[in-house]
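**Student:** Next input, structure requested:
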Amino acid sequence: AAATNLKNAAKACKAERAADPAAFTTKYGTNKNGRNAYGKCVSAKAREAAAQQTQARVNAAKACKKLKTEQKVAFEQAYGTKKNAFAKCVSKMARAG
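**Tutor:** Presented below is the predicted three-dimensional model:
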């Protein structure tokens with residue numbers, strides 16, 4: 001997932017830089033000549049994507065916990081009764097949403 005985030009961030013930054021190089025350098029560049037703008041852009045976009053994935057997993061875990069508590073039979077039918085049932089639920093919900 002981290003490698004995918006990095007590739008997607010790099011593509012997005014290249015497209016943004018190609019659209020308006022001067023604005024791109026102004027927005028992301030932090031040193032005196034702005035030459036670090038591309039690296040700063042990729043880093044920021046990859047960090048944002050990772051944060052979104054983490055939030056999706058947290059939301060999925062909360063939803064699974066609620067489902068397991070409020071609708072135990074439905075939860076067990078969908079994900080089973082073994083130790084990994086909760087993990088199956090979180091994985092499925094995080095990918096879906």
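**Student:** Strands of this protein, residue ranges please.
**Tutor:** In the chain, no strands are found when defined by DSSP state E.
**Student:** Distance check, residue 28 against residue 56.
**Tutor:** Taken as Cβ to Cβ, to the nearest Å, the spacing of residue 28 relative to residue 56 amounts to 26 Å. Quick note: C-beta positions are derived from backbone N, CA and C, even for glycine.
**Student:** In terms of neighbours, single out the busier of those two.
**Tutor:** Neighbour comparison, residue 28 and residue 56: the larger count goes to residue 28, with 21 against 16 (by other Cβ atoms under 10 Å).
**Student:** give me every residue that touches the more buried one.
**Tutor:** Contacts for residue 28 (Cβ atoms under 8 Å, 6 or more residues apart in numbering) come out as 13, 34, 36, 37, 38, 40, 41, 44.
**Student:** Check which residues of stretch 76-95 are buried.
**Tutor:** Of the residues in stretch 76-95, those buried under the neighbour-count criterion (16 or more other Cβ atoms under 10 Å) are 79, 85, 86, 89, 90, 93, 94.
**Student:** Not counting sequence-adjacent ones, nearest residue to residue 38?
**Tutor:** The shortest distance from residue 38 to any non-neighbouring residue, by Cβ to Cβ, 6 or more residues apart in numbering, is to residue 13 (6.0 Å).
**Student:** what's the answer for residue 34, then?
**Tutor:** In space, residue 34 comes closest to residue 25 once its chain neighbours are excluded; the distance is 3.9 Å by Cβ to Cβ, 6+ apart.
**Student:** The one you found touches residue 31, doesn't it?
**Tutor:** No: the pair formed by residue 25 and residue 31 falls short of the contact definition of Cβ atoms under 8 Å, at 10.4 Å.
**Student:** The two - which one has more neighbours?
**Tutor:** Neighbours were tallied for residue 25 and for residue 31 using other Cβ under 10 Å; the higher tally belongs to residue 25 (17 against 9).
**Student:** And that one, how far from residue 33?
**Tutor:** Distance from residue 25 to residue 33, counting by Cβ to Cβ: 9 Å.
**Student:** what do you get for residue 62?
**Tutor:** 46 Å.
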